[in-house]
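Participant: here is a sequence with its predicted model. Questions after.
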Amino acid sequence: PWSDEHHCKKCKRGEHRIWKDPETREIPGGALDMLSGIFLSRTMVREKLEEVSFPLLDKMKVWEVTLTRGKLKHIETSAGRFLCRQIELETGVPEGEEHSGEEFKGLFGIHGTIVIWVEEATGVPVKIQGYVPLGPFDLDVALELRKFTGTPEDFKPLPEEE
């Protein structure tokens, strides 16, 4: 009498979960996922490419993404000071796709254009900037490197200024 008939509300057993039916769709050649797009920004810096465009698959939606190489700037983080290259990630809706007026949502819930600051010599991401909609207003966000391990040997903070 005192037991809850819905004992498995947060149950971890696979047979008690409600699974969605699998979905499939055609994917354009050369399509990447979001994380691969970030890795491509590293390659852009290392290879000194000015601009790269590709289709990006986000869940069941395809976006047209353009990465553009920008200015060089010193970026201060709690992990140190780095000479970084700006990579701007802009998105659009490819021809034939419908997104019902939706805006692109990337890493960490960042919407619209995303700015990635990558260390100039190695392409390691140091800072990611954008905005997250929060009800009636937008919240500017900046995610920055706090510590690092396993990075390329050349990746290290600049010496402190005197």
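Facilitator: Sure thing, it's come through. Residues are numbered from 1 along each chain as shown.
Participant: what is the neighbour count of K127?
Facilitator: For K127, the neighbour count with other CB atoms under 10 Å is 19. Where you see a C-beta, it was placed from the backbone N, CA and C, and this is true even at glycine.
Participant: on the three-state scheme, it is what?
Facilitator: Three-state assignment for K127 (DSSP: H, G, I helix; E, B strand; the rest coil): strand.
Participant: ok, it touching V141?
Facilitator: No. When contacts are counted by CB atoms under 8 Å, K127 is not listed as touching V141 (10.6 Å).
Participant: given the lengthiest strand in the chain, what are its sheet partners and their directions?
Facilitator: Using DSSP state E to define each element, the chain has its longest strand at strand 61-77. When sheet partners are counted by DSSP bridges, strand 61-77 sits next to strand 51-58 (antiparallel), strand 80-92 (antiparallel).
Participant: what comes up buried for the shortest one?
Facilitator: Which is strand 51-58. By neighbour count on 16 or more other CB atoms under 10 Å, the buried set for strand 51-58 is 52, 54-58.
Participant: export the host helix or strand of R46 to CSV, keeping only CA atoms.
Facilitator: Using DSSP states H and E, R46 falls within helix 34-47. Output in CSV follows, covering the C-alpha atoms of helix 34-47 (Å, rounded to 0.1, in the frame of the first residue of the first chain):
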residue,chain,number,x,y,z
MET,A,34,30.1,20.0,-34.7
LEU,A,35,33.2,18.6,-33.1
SER,A,36,34.8,17.8,-36.4
GLY,A,37,34.1,21.5,-37.4
ILE,A,38,36.1,22.6,-34.4
PHE,A,39,38.9,20.3,-35.4
LEU,A,40,38.7,21.8,-38.9
SER,A,41,39.2,25.3,-37.4
ARG,A,42,42.5,24.0,-36.0
THR,A,43,43.6,22.8,-39.4
MET,A,44,42.6,26.2,-40.9
VAL,A,45,45.1,27.9,-38.6
ARG,A,46,47.9,25.4,-39.1
GLU,A,47,47.5,25.4,-42.9
